Structure formats: C-alpha cells, structure tokens
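Chemist: coords please:
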Amino acid sequence: MFRLLRPLAESATYTRWLHLLIPMAGYSVWVFISPNTPWVPVLLAVPVGLVPGMRLAEGVQAQLLLAPEQRGSAHATISAAKATTWADRWRTVLWLETRIVLAVPVWFATVWLPATTVDLVLTSFGNGPSDESLLRGAEPHWWYALLAPLPLVMLLPVVVIGGRLTTASAQRLLCPSQVQRLTALEERTEQLLERNRIARELHDSIGHALTVAVVQAGAARAAHDPDFTERALAAIEETGRDALDDLERVLRVLRESGTPVGQRPTLVEADRLLDSARGSGAKIDADVSGPLEQVPGAISREGYRILQESLTNVLRHSGAVPVRVRITVANRRLELEVTNPLTGTTVTPGGGSGLRGIRERASLLGGKAETGPCEGEWRVRASLPLDGLRVAP
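Modeler: Coordinates of the predicted model:
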C-alpha cells in the first residue's frame, strides 16, 4: 500500500504532471478558436521541431520538469543543446508529436476525473448532473457519495504512468547525439589532463622549494658560519617566495577556468632555478645557447619544469655536488641536459614520480627524455621538437 502511494511524496510526479499539461494549454486555445481543425497543432509540430533551437528549449524544459536530478550533471540522459544534425531535428519532431499524444489522455483525466468527483457528490444530494458531465442521465442517489473518491484514485496512476512514459520518451528522443557524446568525452579528457598537469606543477614546484629549504637549513646548521647561515636563509626565503608564486598560479587556474597558461614560468626564467641551486651549495656549470625567447610557450614552460625537477633530484639525492646544465636551441629542437656525479643515494632508473613526470612531459610534446646512469654520472636528457606540438601553445 505504501509502495503505491510513494509517488505522491515525490516532487518529480508533480513536475512531470505540469510538463504534460503545458502543451495542452496552447492546444486548448487553438481548439477553442478553431474547433473544426484540431489536427493543425499536430501538423505545426513538424516545422517547429525542425528549428535547431527548439531542441535546446525542449531539452531545458525536460531537464527541469522530467528529470530535475540530472540538472548540471555531466552524465545527463536528456540533452540541453541545439540540434546540430538533421537526425537530431527529426528526433525533436518525433518528440513533440509524442509529447502531444501522451499529454491528451493526462489532460482529459486531469479535467474530467475531478469534475466527475464533484458531480458524484452533487448527485448524491439530489442535484442531477449537467449535460456535459460523464454522469449525464444518471438518477440522483445518496450512495453516489461513496463513489466520489474513485475518480481521484484513478487520476493518480494516469499521472504517474503518463509522467514516466514521457520521461522515458525524452531520454530516448532528446538524449545526447553521438557528436555531443564525443564532445563531452573530449571535455572530460581535457579536464583529467589538466588535473594531471596541475598535480605535476605542484609536485615539481613545491618539491623543489622544500628540497632547497631542507638542504640549505642542513648546510647552515653544519657550517657554524654566520655569513653562510645568512646566505642560506636568504636562499630559503627567495625559494619559498617563488614556490608561493607558483602555488598562486596553480590555485588561480583552479578558481578561474579562463586563466591563461602563459603566466607560468618559462626557460627564459631559468636563471632563478640555477641561482636557487647554487644557493643550496651545488656547483652549477650552465651553458645556454640559442634564442630561448623564440621557443614556443608550451615547450618553454614544460622545459622549465623538466629543469626544475632535474635540479630537485640532484639536491635531494646527491646534495651539493657539481652539476652541468646544457640548454641548446638549434635545428628546430630544444635540447636540455643535466648531469651530476653518481652517489650512493642516487635514485634508481625509472623510479620516482618525478622522473616519470619528466618522461610524460617530453612525450606529450612529441619528444623524448632519458634518465639514468651514463658513464659514471647521472644524466637527465630531454629532446623536444619545436614543430608539430600536440599541446596548446
């Protein structure tokens, strides 16, 4: 019994009921104006449904009234978008015709069943039904009052079944097209790639800053030299500020979807990474050749992160050791190489999310990266093409 009455407590039952009655309002007006041509609104549904914007209007209305739980969902089964193909337009036409067909019995039940309840009550008191009543010709009798609730009980299944049939039809005829599904999938893929990129940004930037701070603090404590301690604290302060700037850029991307990626650091600013590593005690031998300012933005930004992660690994696993940095722009390629002496704590080849991130960055740019021991040294080497980018500039 409670299961049968459960639809009465669901708001969707009443919004679907309203959705079924909306087209009948206009239909009733037309029938009142021209009672001899009730078929005209059905015929007009064809050219109206072929208008691309009608699919958007019907989709929005169906989402709001038939499936309100799907509003704003990326997995909505009812699309709220303009028709982009003729198949979508003809499905909209079929939806409009289906909507009218399903609305007629619900509209009839909504009008005449409550009226019949009123007639049953009046007839039980001795007043005969009107000529338009479904009870016309019936003789007055008291026991008609006992039947008065029956039409209202009959109205409930009509409304519930009509609403569910309309919702099922909308999910079939107003569902996203193949093109819309592919577009949504591409957008979802872009979001996942962006989240992965942001995770790498945080790993590289914050990891570098913490590594520099730890190395500087440890060196300052071991040196027992006020001048060295002062320089170490200054390096920690500068590195921390750079990390905060990077963190603010990442958080701005999360807060504002339109934030330009061009605000992220590029290889033109590589000096600040090299100075930070020098401040941590590493002996940096840097050789930069070629026009870095002419490197495309995407390449330059990812190259900066590769250099940052390489220097972070040196400081984290080898400490204050000599480091050679070679950055070359020539023959439409960016070559980046960072080498340092092998130590007992050097990271193993292929290990660590940082090294994996370096290889992923290079691969996304259409290039390649190698990390591992080479002739008694640990080497990170990335070769990135300046043409044929697979990412946005």
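
Chemist: Okay, strands next: where are they in the chain?
Modeler: Along the chain, the stretches classed as strands by DSSP state E are 283-289, 322-330, 333-341, 368-374, 377-385.

Chemist: possible to save these as CSV with distance to residue 272 and mean pLDDT?
Modeler: The C-beta positions use only the backbone N, C-alpha and C, and glycine is treated the same way. Rendered in CSV, the data for the strands of the chain read as follows (distance: least, CB to CB, whole Å; pLDDT from 0 to 100):
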stretch, distance to residue 272, mean pLDDT
strand 283-289, 12, 89
strand 322-330, 13, 91
strand 333-341, 16, 91
strand 368-374, 22, 87
strand 377-385, 19, 90
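
Chemist: Residue 58: which of those strands is closest?
Modeler: The closest approach between residue 58 and any of the strands of the chain, judged by CB to CB, belongs to strand 377-385 at 48.2 Å.

Chemist: buried stuff in that closest one?
Modeler: Neighbour counts using 16 or more other CB atoms under 10 Å place 378-385 of strand 377-385 among the buried residues.

Chemist: That strand packs against which elements?
Modeler: Applying 3 or more CB pairs under 8 Å, 6 or more residues apart in numbering; DSSP states H and E, we find strand 377-385 packed against helix 297-317, strand 333-341, helix 353-364, strand 368-374.

Chemist: Next, the angle from the third one to strand 377-385.
Modeler: Relative orientation of helix 353-364 versus strand 377-385 (axes from the mean of the first three to the mean of the last three CA atoms, to 10 degrees): 30 degrees.

Chemist: Would you mind putting the helices and strands packed on strand 377-385 into CSV with distance to residue 50 and mean neighbour count alongside?
Modeler: What follows is the helices and strands packed on strand 377-385, written out as CSV (distance: least, CB to CB, whole Å; neighbours: other CB atoms under 10 Å):
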stretch, distance to residue 50, mean neighbour count
helix 297-317, 43, 24
strand 333-341, 53, 21
helix 353-364, 43, 19
strand 368-374, 52, 16
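
Chemist: list the contacts for the closest residue to residue 60 other than its chain neighbours?
Modeler: Of all residues not flanking residue 60 in the chain, residue 80 sits nearest, at 4.8 Å (CB to CB, 6 or more residues apart in numbering). Contacts for residue 80 were tallied using CB atoms under 8 Å, 6 or more residues apart in numbering; they are 56, 59-60, 63.

Chemist: go again using 6 Å as the cut-off
Modeler: Neighbour list for residue 80: 59-60, 63 [criterion: CB atoms under 6 Å, 6 or more residues apart in numbering].

Chemist: Filter the residues you listed down to just the buried residues.
Modeler: 59, 63.

Chemist: now, which of the contacts of residue 80 sits nearest residue 315?
Modeler: Each of those was scored against residue 315 by CB to CB, and residue 63 proved nearest at 53.9 Å.

Chemist: That closest one contacts residue 78, correct?
Modeler: Yes - in this structure residue 63 lies within contact range of residue 78 using CB atoms under 6 Å: 5.2 Å.

Chemist: about what we covered before: for residue 180, which of the strands of the chain is the nearest?
Modeler: Within the strands of the chain, the stretch nearest residue 180 is strand 377-385; the backing value is 34.2 Å (CB to CB).

Chemist: Show me what stretch 99-110 is in contact with.
Modeler: 20, 23-24, 155, 158, 162, 165-166.

Chemist: Turn those into CSV, columns for distance to residue 245 and pLDDT.
Modeler: Formatted as CSV, those follow (distance: CB to CB, whole Å; pLDDT from 0 to 100):
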residue, distance to residue 245, pLDDT
20, 57, 90
23, 58, 85
24, 62, 85
155, 66, 90
158, 65, 91
162, 60, 93
165, 58, 94
166, 55, 93
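
Chemist: export the buried residues of strand 377-385 to JSON lines and tack on distance to residue 29?
Modeler: Conversion of the buried residues of strand 377-385 to JSON lines gives the following (distance: CB to CB, whole Å):
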{"residue": "378", "distance to residue 29": "82"}
{"residue": "379", "distance to residue 29": "81"}
{"residue": "380", "distance to residue 29": "75"}
{"residue": "381", "distance to residue 29": "77"}
{"residue": "382", "distance to residue 29": "71"}
{"residue": "383", "distance to residue 29": "72"}
{"residue": "384", "distance to residue 29": "67"}
{"residue": "385", "distance to residue 29": "67"}
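
Chemist: who's in contact with the closest residue to residue 303 other than its chain neighbours?
Modeler: Among residues not flanking residue 303 along the chain, residue 267 sits closest, at 4.8 Å (CB to CB, 6+ apart). The neighbours of residue 267, taking CB under 6 Å, 6+ apart as the test, are 292, 300, 303-304.
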